[in-house]
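*Asks:* heads up, no residue letters with this:
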C-alpha cells in the first residue's frame with residue numbers, strides 16, 4: 001500500500017449503512033442543481049446491468065416520479081456493442097468495438113468445446129459429460145482471460161515429481177492452448193472476457209490521450225477484474241473523473257491492511273487502492289449523505305470482523321451507544337421449514353406499516369422459493385429477482401419431458417410425467433387429456449412394465465378390453481411424435497435435425513383443440529426464455545453434425561446448466577427477494593439475511609478441477625477463497641441496514657450445520673461488549689410461526705370402528721382372507737365393502753410375492769406332468785424336467801437380470817430338494833391334485849356364508865386319507881399360531897376337504913397338514929407338520945369361523961383396525977387409511993394400551 005497521497009486522484013466512498021444508489025444519485029443531482037440538462041453530459045460506469053437498473057430506479061425516487069434526463073449508464077461487466085451504442089459510451093468506445101471481432105455466443109462456445117473434448121476423450125465420456133467438461137473449460141477460459149494471463153505458462157506448472165494425474169489434466173488442457181485459438185479464428189470470434197478486456201483497455205488508452213469532455217464517475221465497483229481496475233485508476237485521475245467505492249472501512253490501520261486475507265470483506269477494495277497507489281486517507285466521503293445516517297452499525301460489524309491480530313480493538317468499542325445494538329435480530333431455527341416460515345411472517349408483518357419495505361437476501365434459491373410459497377398463504381405474490389433455473393421453468397420442463405418420453409420408448413413413468421404436465425394436451429382439451437392419462441394410468445401403466453414403445457402400450461390397452469378413447473390417445477401420440485421417434489430410431493444424427501424435430505413435437509403435443517401449440521408453449525417470460533434458448537441451440541447446431549441421439553436429453557440438460565429466468569418486474573412494490581448480486585446497491589427498511597451457514601453463505605470452496613492450489617498460485621490465478629471475501633462484503637453492506645435480521649437453520653436435510661463465520665465473530669463481539677442479549681429476537685417470531693398452524697386443541701383420534709349395515713357386509717371370503725379378518729377386520733372393510741384396492745406401482749419390479757407365485761406355477765406344472773397315478777416313480781431325469789419347466793417360467797423375469805441372478809440359483813437348490821422329497825414320498829401317494837379350488841357353505845345368522853379356498857396341493861394317500869400341503873417361499877406360521885386360530889388356512893382347507901368341497905376330490909379324512917418351506921438356501925426345503933390331529937384342528941377352525949361370521953352378522957359389530965396389535969398382520973395396504981400411526985402412537989404416549 002502506498003504511503004504517499006495521490007492528490008490528483010478523486011476517490012470517494014459511500015459508507016456502509018447509507019443507501020448507495022439513493023446517496024449517489026442525490027449527490028449527482030446536487031452537483032447539477034438548477035441545470036438538470038447537465039446530467040446528460042455525465043457518464044456513470046457501473047458494475048452490472050442490475051446496478052444500472054438500481055440507479056435508474058433511484059433517479060426516479062429522487063425526482064419523485066417527475067421526468068428526468070439521465071446520465072449515460074454503462075455496465076462494465078456486460079459490455080457489448082448494443083450497450084455501448086445505447087448508453088452513449090463516449091469518445092471512441094464504439095469505434096473500438098467495431099474494430100474487434102464479436103464475442104462468441106456462450107452456447108456456441110460450449111458446443112465447440114464439447115466437440116473438442118469428445119474427440120479427445122471419445123471412449124471415456126459421453127457427449128453430455130463432454131458438454132459438462134466444456135462448461136468447466138469455459139469457466140477456466142474466462143478466469144484466465146479476466147486475470148489477463150496466458151496459457152503459455154501451463155507447461156511449466158507441473159514439476160517432474162508431481163502426481164501423474166495432474167500431468168494428464170494439463171495434457172487435456174492442451175485443447176485450450178493448441179486448438180481453441182485456431183477454432184476461434186476460423187469462427188471469426190473472440191472470447192467474451194477477452195473482448196471485454198480489450199474494450200476496457202481501448203477506452204483506457206483513448207481517455208489517456210483524449211480525456212472525455214464530461215464528468216465520468218465509476219461507482220459501485222471494487223475492481224476485482226484487472227482491466228476494470230486499470231480503467232478505474234484512469235477514471236480517478238481524469239480532471240472530471242471520480243471513483244465511488246461501496247462501504248470502504250477507513251478505520252483499518254496499516255498493520256491490519258497488511259495482513260488482510262482474501263476472505264476479508266475489505267480485501268478487494270484495499271487491493272484496488274494498492275493498484276491505484278492510494279492510502280485510505282486519500283479517499284473522501286461522498287457528499288450528500290443523509291444527516292440521520294448512523295455510522296455506529298458499520299463500526300460494530302467492521303470491528304467484529306477485524307483481522308485476528310487486532311481483536312484488542314474490541315475493548316475500544318465499549319463507548320458505543322447501546323442503541324447501536326437495537327434492531328438486530330438473530331434467529332437460529334431448527335430446520336429450513338421453520339426458517340422460511342419465520343421469514344415469511346416477518347415480511348408479512350412489515351406490510352402492516354404503510355410504506356415500509358423489506359427484502360430477503362440469500363444465495364440459497366431453494367430457501368427463496370420456499371419463502372415465496374409461504375407468502376402465498378396471505379395471497380402475497382412475490383418474485384425471486386435472482387431468478388429460477390431455466391431447466392425448472394414449465395416450458396423447458398415440458399421440452400425435457402417430451403425428449404425423455406420419446407428417447408425412453410414411452411415408458412410408463414415418462415409417459416405419466418409428460419401426460420400430467422399442465423402444457424400436455426396432444427390436441428385435446430387439457431382437462432380431458434389429463435382425465436384420459438389418469439384412465440390410462442389405472443388401466444394400463446401400473447403394474448409390470450409393458451413391452452417397449454407405443455405398440456406395447458397399444459397391446460396392453462387391447463388386452464384390457466380395447467378402450468377406443470385410450471387407443472385414440474395413443475394414435476395421437478404416435479402421429480405427433482412420428483418425426484422425433486424416427487430420428488431416435490436412427491441411432492446417430494445431426495443436432496439440428498434432432499432439435500427441429502423436438503421443437504415440432506413439443507409444439508404439437510402442447511396444442512389443444514382450440515389453441516395452437518406455439519401459443520401455449522412459448523407464452524410468458526419463461527416461454528420467451530425457453531424459445532430464446534432453443535433458438536440459440538439451433539443457431540449453433542451445425543457444430544455437432546454427428547450425435548448419438550439417445551444422449552440428446554442429457555446433452556440438453558448439460559446445456560441448460562447455469563441458465564435462469566428472471567422476472568422483468570417485481571410483483572410486489574414493498575417486498576423483495578434478492579440474490580447477493582441483486583442486493584448490491586439496493587436497500588430496504590428491513591433486511592433479512594438468510595441461510596447464514598457455512599457452505600451456503602459464505603459458499604463452500606469448491607476444488608478446481610484443473611489445477612491444484614499451488615498450481616493456481618504459480619499460474620497467477622486468484623485463490624479459490626476470493627469469492628468468500630466478495631460475499632463477506634455483501635454481508636457487511638446488508639448488515640448495516642436500519643433493521644437487520646440474521647437467520648440460519650441448525651439442521652438441513654437432517655444434517656447439523658455450522659454457523660457462518662461472521663455470525664460466530666458477531667456473537668463473540670456482542671459477548672465482549674456485554675450485549676449478547678441484544679442478538680435475541682425482539683419479538684417471539686418462532687412462537688408466532690408455530691401458532692399459525694397450531695390447532696386450538698389436540699384431540700387424540702380414536703381407532704376406526706366402522707359399522708356398515710349387515711346387508712353391505714361380505715358373504716364370501718377365502719381362507720386366507722379369513723386370517724386377515726381375524727387379525728385386521730378394517731382391511732376386510734376397506735377392500736370388500738368400500739371396494740378400495742391398492743394401485744400397483746409403476747414399472748413394477750418382481751418382488752417376493754412374484755417369486756412365490758413363480759415357484760408355485762413351476763411346481764404346479766410339474767405335478768400336472770407327473771401325477772401320482774401315472775408315475776408312481778419319478779423318471780431318472782425328473783430333476784432336469786423340473787429345471788426345464790423352471791427355465792420356461794423364468795422367461796417372464798428375463799427383463800429383470802437382478803431377479804434372475806438371485807432367484808435362479810435358489811430355484812436350482814429347491815428343485816434338487818423337491819425331487820428328492822418326491823422320490824421318497826411317491827410310494828405313499830395314490831394321486832396328487834395341484835392348485836385345486838374348493839368351497840364350503842356355512843349358516844350365518846343373516847344367511848349363507850361361502851368359504852372359498854385354492855389349495856397348493858392335496859395328496860390322496862394310499863390309506864385313503866388326504867394330506868394338504870401349502871408351499872411357503874417365505875416364513876411359515878408357527879404351530880402355536882395355527883392351533884390358536886390366527887393362521888387358519890390349512891385347518892379351513894381340511895374342513896372343506898372333509899366335507900368334499902374340493903373339485904374332483906372325494907370327501908375324506910385329513911391325515912396331515914404340512915407347510916413345505918422352500919427357501920432355496922440351507923437347507924433348500926423343509927417340511928413343517930402342523931400338529932397330529934388335523935380333524936380336531938378343522939373342527940376348531942369351523943367353530944371359530946362360525947362364531948366370527950355370526951359376530952359380524954350383527955350391525956353393532958365394528959370392523960376394527962388391529963384389535964390385537966400383537967397379532968396384527970406384518971404388512972397392510974390400508975394402514976394409512978386407518979391412520980394407525982396416529983392413534984397407535986397417541987395411545988402409547990398417553991400410557992393407554994395399544995389398540
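*Replies:* In hand now; what should we look at? Everything quoted here is computed from the prediction, not taken from an experiment.

*Asks:* grab the most central residue of the protein for me.
*Replies:* residue 366 (9.0 Å; Cα atoms, centre = their mean).

*Asks:* tell me the contacts of that one?
*Replies:* By Cβ atoms under 8 Å, 6 or more residues apart in numbering, the contact set of residue 366 is residue 336. (Glycine included, C-beta is placed from N, CA and C.)

*Asks:* same check on the one 5 residues further on?
*Replies:* Counting by Cβ under 8 Å, 6+ apart, residue 371 makes contact with 340, 343-344, 347, 360, 577, 594.

*Asks:* and if we set it to 7 Å?
*Replies:* Shown here is residue 371, whose contacts under the criterion Cβ atoms under 7 Å, 6 or more residues apart in numbering are 340, 343-344, 360, 577.

*Asks:* coming back round to it: what helix or strand does the residue nearest to the centre of the chain sit in?
*Replies:* Using DSSP states H and E, residue 366 sits within helix 365-375.

*Asks:* kindly report the same for residue 914.
*Replies:* strand 910-918.

*Asks:* next one: that strand to chain centre, how far?
*Replies:* 52 Å (Cα atoms, centre = their mean, to the nearest Å).

*Asks:* quick one: average confidence on it?
*Replies:* The predicted model assigns strand 910-918 a mean pLDDT of 93.

*Asks:* quick check: next helix or strand after it?
*Replies:* Sequence-wise, the next helix or strand downstream of strand 910-918 (DSSP H and E) is strand 925-929.

*Asks:* domain map for this protein?
*Replies:* With domains defined by automatic domain parsing, the chain comprises 11-101+194-292, 106-189, 322-385+569-675, 389-565, 710-781+828-967.

*Asks:* can you add distance to residue 298 and give those domains back as CSV?
*Replies:* What follows is the domains of the chain, written out as CSV (distance: least, Cβ to Cβ, whole Å):
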stretch, distance to residue 298
domain 11-101+194-292, 4
domain 106-189, 30
domain 322-385+569-675, 5
domain 389-565, 32
domain 710-781+828-967, 58
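
*Asks:* of all the ones you listed, which one is nearest residue 695?
*Replies:* Closest to residue 695 of the domains of the chain is domain 322-385+569-675 (Cβ to Cβ; 16.0 Å).

*Asks:* now residue 554. Nearest residue, chain neighbours left out?
*Replies:* Leaving aside its chain neighbours, residue 554 sits nearest to residue 128 (3.6 Å; criterion: Cβ to Cβ, 6 or more residues apart in numbering).

*Asks:* ok, that neighbour - contacts?
*Replies:* Residue 128 neighbours (Cβ under 7 Å, 6+ apart): 551, 554-555, 557-558.

*Asks:* mind listing the strands for the stretch 401-550 of the chain?
*Replies:* For the stretch 401-550 of the chain, the strands defined by DSSP state E, counting those that start in this stretch cover 492-493, 547-548.

*Asks:* for residue 442, report the pLDDT, please.
*Replies:* 92.

*Asks:* of the domains of the chain, which is nearest residue 805?
*Replies:* Closest among the domains of the chain, using Cβ to Cβ: domain 710-781+828-967, at 11.7 Å.

*Asks:* and the closest one, end to end?
*Replies:* For domain 710-781+828-967, the first-to-last residue distance is 26 Å (Cα to Cα, to the nearest Å).

*Asks:* also stretch 26-40?
*Replies:* 15 Å.

*Asks:* now that stretch: mean pLDDT?
*Replies:* 89.

*Asks:* ok, and what's touching it?
*Replies:* Contacts for stretch 26-40 (Cβ under 7 Å, 6+ apart): 42, 62, 68-71, 286-288.

*Asks:* need the buried ones from those residues selected in PyMOL.
*Replies:* The command below creates a PyMOL selection of those among the contacts of stretch 26-40 that count as buried (16 or more other Cβ atoms under 10 Å):
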select buried, resi 42+62+70+71+286+288
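
*Asks:* nearest to residue 783, of the contacts of stretch 26-40?
*Replies:* Distance to residue 783, by Cβ to Cβ, is smallest for residue 70 among the contacts of stretch 26-40, at 92.6 Å.

*Asks:* name the element the closest residue to the closest one other than its chain neighbours belongs to?
*Replies:* Spatially, and ignoring its direct neighbours in sequence, residue 70 is nearest to residue 59 (5.8 Å; Cβ to Cβ, 6+ apart). Under the criterion of DSSP H and E, residue 59 resides in helix 49-62.

*Asks:* now that helix: buried residues?
*Replies:* For helix 49-62, by 16+ other Cβ under 10 Å, it's 50-55, 58-59, 62.

*Asks:* output those as JSON lines; include the columns distance to residue 663.
*Replies:* As requested, these are exported to JSON lines (distance: Cβ to Cβ, whole Å):
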{"residue": "50", "distance to residue 663": "27"}
{"residue": "51", "distance to residue 663": "28"}
{"residue": "52", "distance to residue 663": "33"}
{"residue": "53", "distance to residue 663": "31"}
{"residue": "54", "distance to residue 663": "27"}
{"residue": "55", "distance to residue 663": "31"}
{"residue": "58", "distance to residue 663": "30"}
{"residue": "59", "distance to residue 663": "36"}
{"residue": "62", "distance to residue 663": "35"}
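
*Asks:* nearest to residue 209 among those residues?
*Replies:* For these, the nearest to residue 209 is residue 52 (27.4 Å; Cβ to Cβ).

*Asks:* list the contacts of the residue lying closest to the closest one once chain neighbours are set aside.
*Replies:* Distance criterion Cβ to Cβ, 6+ apart; nearest residue to residue 52, sequence neighbours excluded, is residue 73 at 4.6 Å. Residue 73 sits next to 44, 46, 52, 55, 87 when contact means Cβ under 7 Å, 6+ apart.

*Asks:* verify the stated contact: the first one with residue 71.
*Replies:* Yes - shown here, residue 44 and residue 71 form a contact pair, counting by Cβ atoms under 7 Å, at 5.2 Å.
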